[in-house]
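Undergrad: I'd like to go over a predicted model; first the sequence, then the structure.
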Amino acid sequence: MFSVDSIPLRLLVGADLPPDPNAGASGTVYQMNQALRRMGHEVDEIWQPELGRRIKHGNLHYLLELPQAYRRAMSRRLANRSYDVVELNQPHAYLAARDFRRGGHHGVFVNRSHGHEVRSEEILGPWRDQFAVKRNRGIRGLISRGLRPWLDRHWVQVARFSDGFHVSCSEDAEFLRERYQVPVDQIGVVTQGIPDNFVETPRQPMTDVRRRKLLYVGQLAFFKAPMILAQAVTAILESRPELSMTWVCGLSHHVEVRSLFSSAVLPRVSLVDWRPQVELLKTYDEHGIFLFPSFFEGFGKAPLEAMARGLCVVASNTGGMRDFIRDGVTGRLVPVGQPELFSEAVIDLLNRPSACDWMSREASKSACQHTWDRCARDVTDFYLRLLTMRQKSN
């Protein structure tokens, strides 16, 4: 039998991402790998530069290029050593999963998802129709729509050949069980973590000054529901002239973000470019209320970071937020796509300062349990469960 205490594992982790500790999905992979190394595991990595890319069209890259790239990269590594766990991101690693299974290699193959693509498309489709969001037009749009069924088949194939699935939220786990009949014991739901300095730096007390400052951290993308955020923030700022709002996103999107707000409230909306986590911590500490209205999330790391720094989070009831927020205790969960309910939840918190202070403390205590070291222990337990199952089946 395998034991966490007695076996440092040999891991191969691959992702079609650049190795950036400050980014979203790539930061998750990077930080998890570092935490696994601190546990004593050996971690080899495959990143985007090694996988390479020649096809610029996204879906054509995923359909034709990435499956072969994953397979070649894994094959090169397996030619020199064996691994207890090979974990590759995205369903497009299905050829690697098939080769691993048919090659009779030692260990287990795990597929990692940061948000199930098929579930995402099914959830976002009706919202796109409701907000009349234009689909891709022209030949590129036709290609993308035509390739979607073929890309969805990658999930069927990776579900067939993988020994396990590593996901970040219970909604993705439920989808894998229901859509692809993946057994529950082959799915590991492991939350994402927060940086060590978010835990080690003393939490700033909630104050009236902090409460008057709203914050959002996230890219300008449809699945993040920026129009819902803007509507909610506009209603809040119009009703409470003492409040202000900060939006952290890429500098290239600042003009578009400004267009979402009326001239009446825009002077109280500050736009900030992406920043390293050390600087982001300071930004969190200057604010008191965090809004996160996404239509879809595979997890939602920003609200967890905000909670760790004592912000009162008002988030949509989806993704990982359903798993790590206790409504009314460590934050507020609001039905997806309801800006008026977001604004009502924020105003309610502002009208009850003592409740806001209490939620700030409870949120910080809860979120600070989600360290990357804890995530590494949880995923190690999952790996060992799969290895034990594999051992028993042989």
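TA: Cool, the structure landed.
Undergrad: mind listing what's buried in stretch 201-215?
TA: When burial is assessed from 16 or more other CB atoms under 10 Å, stretch 201-215 yields the following buried residues: 203, 204, 206, 210, 211, 213, 214, 215. Any C-beta I mention is one placed from the backbone N, CA and C, and that applies to glycine too.
Undergrad: Stretch 177-184 too?
TA: Judged by neighbour count using 16+ other CB under 10 Å, the buried positions of stretch 177-184 are 179, 182.
Undergrad: Tell me how far that stretch lies from the chain's centre.
TA: Centroid displacement of stretch 177-184 relative to its chain, using CA atoms, centre = their mean, to the nearest Å, is 21 Å.
Undergrad: Now do the end-to-end distance for that stretch.
TA: Stretch 177-184 has its terminal residues 7 Å apart, counting by CA to CA, to the nearest Å.
Undergrad: Also stretch 52-71?
TA: Taking CA to CA, stretch 52-71 runs 12 Å from one end to the other.
Undergrad: Could you dump the buried residues of stretch 201-215 into a markdown table and include pLDDT and secondary structure?
TA: Converted to a markdown table, these look like this (pLDDT from 0 to 100; DSSP: H, G, I helix; E, B strand; the rest coil):
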| residue | pLDDT | secondary structure |
| --- | --- | --- |
| 203 | 93 | coil |
| 204 | 93 | coil |
| 206 | 95 | coil |
| 210 | 97 | helix |
| 211 | 96 | helix |
| 213 | 98 | strand |
| 214 | 98 | strand |
| 215 | 98 | strand |
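Undergrad: Considering those, which is situated nearest to residue 162?
TA: Using CB to CB, residue 215 comes nearest to residue 162 of the buried residues of stretch 201-215, at 38.2 Å.
Undergrad: shouldn't that closest one be in contact with residue 285?
TA: No. Using CB atoms under 8 Å, residue 215 is not in contact with residue 285, being 10.3 Å away.
Undergrad: Mutual contacts of these two, please.
TA: Residues touching both residue 215 and residue 285 (CB atoms under 8 Å, 6 or more residues apart in numbering): there are none.
Undergrad: all strands of this protein, in order?
TA: Counting by DSSP state E, the chain has these strands, from start to end: 10-14, 42-46, 85-89, 108-112, 164-167, 187-189, 213-217, 244-248, 269-272, 289-292, 312-316, 332-334.
Undergrad: Might you list the low-confidence residue ranges for the stretch 51-200 of the chain?
TA: Applying pLDDT under 70 to the stretch 51-200 of the chain flags the ranges 135-145.
Undergrad: now the helices: where do they sit in it?
TA: Taking DSSP state H, counting those that start in this stretch, the helices of the stretch 51-200 of the chain run over residues 58-60, 66-78, 94-102, 117-130, 138-161, 170-180, 196-200.
Undergrad: and those helices as JSON lines, adding distance to residue 336?
TA: Output for the helices of the stretch 51-200 of the chain, formatted as JSON lines (distance: least, CB to CB, whole Å):
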{"stretch": "helix 58-60", "distance to residue 336": "25"}
{"stretch": "helix 66-78", "distance to residue 336": "30"}
{"stretch": "helix 94-102", "distance to residue 336": "30"}
{"stretch": "helix 117-130", "distance to residue 336": "8"}
{"stretch": "helix 138-161", "distance to residue 336": "23"}
{"stretch": "helix 170-180", "distance to residue 336": "12"}
{"stretch": "helix 196-200", "distance to residue 336": "27"}
